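K.L.:
Model the structure of this input:
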Amino acid sequence: MNRSDEKLYGLISLAMKAGGIAAGSFAAEQAVKGGQAFLLILAEDASDNTKKKFNNSCAYYHVPLIEFGEKEKLGHSIGKEERSALAVTNESLAGAMRKNKQGGR
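P.N.:
Numbering: from 1, shown residues only. Presented below is the predicted three-dimensional model:
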């Protein structure tokens with residue numbers, strides 16, 4: 001794992017501790033639709049159906065999306081079981097994550 005990835009996992013962990021993560025597909029989808037998400041992180045190994053659903057939803061609601069990490073590592077970084085999607089609801093941490101992982105939409 002490179003330094004940039006380690007930093008992003010650290011930011012995800014920090015956001016979770018600060019109460020700034022909606023973890024899991026259902027919670028993330030609700031955050032996107034409710035206008036609370038400033039960034040959606042989608043696991044690279046999420047199913048094609050999940051990727052399509054979140055790509056469409058994020059495009060519609062104008063929420064930046066990055067594909068990053070694996071379900072197991074994303075879940076581990078927030079102290080949970082594997083997670084396919086994480087919505088970042090803390091604006092400043094979402095900005096730091098996007099800056100760290102250029103390529104977000």
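K.L.:
Give me the residues contacting stretch 39-55.
P.N.:
For stretch 39-55, contacts defined as Cβ atoms under 8 Å, 6 or more residues apart in numbering pick out 12, 25, 28-29, 32, 58, 63-71, 74, 82-88, 94, 97-98, 104. The C-beta positions use only the backbone N, C-alpha and C, and glycine is treated the same way.
K.L.:
let's see 7 Å
P.N.:
Here stretch 39-55 makes contact (Cβ atoms under 7 Å, 6 or more residues apart in numbering) with 12, 25, 28, 32, 58, 63-71, 74, 84-88, 94, 97-98, 104.
K.L.:
Looking at the residues you listed, which are in strands?
P.N.:
The strands, defined by DSSP state E, take in 65-67, 85-88 from the contacts of stretch 39-55.
K.L.:
what comes up buried for stretch 51-69?
P.N.:
51, 53-54, 57-58, 63-69 (16 or more other Cβ atoms under 10 Å).
K.L.:
what do you get for stretch 88-105?
P.N.:
Neighbour counts over stretch 88-105 (16+ other Cβ under 10 Å) mark 88-90, 93-94, 96-98, 100-101, 104 as buried.
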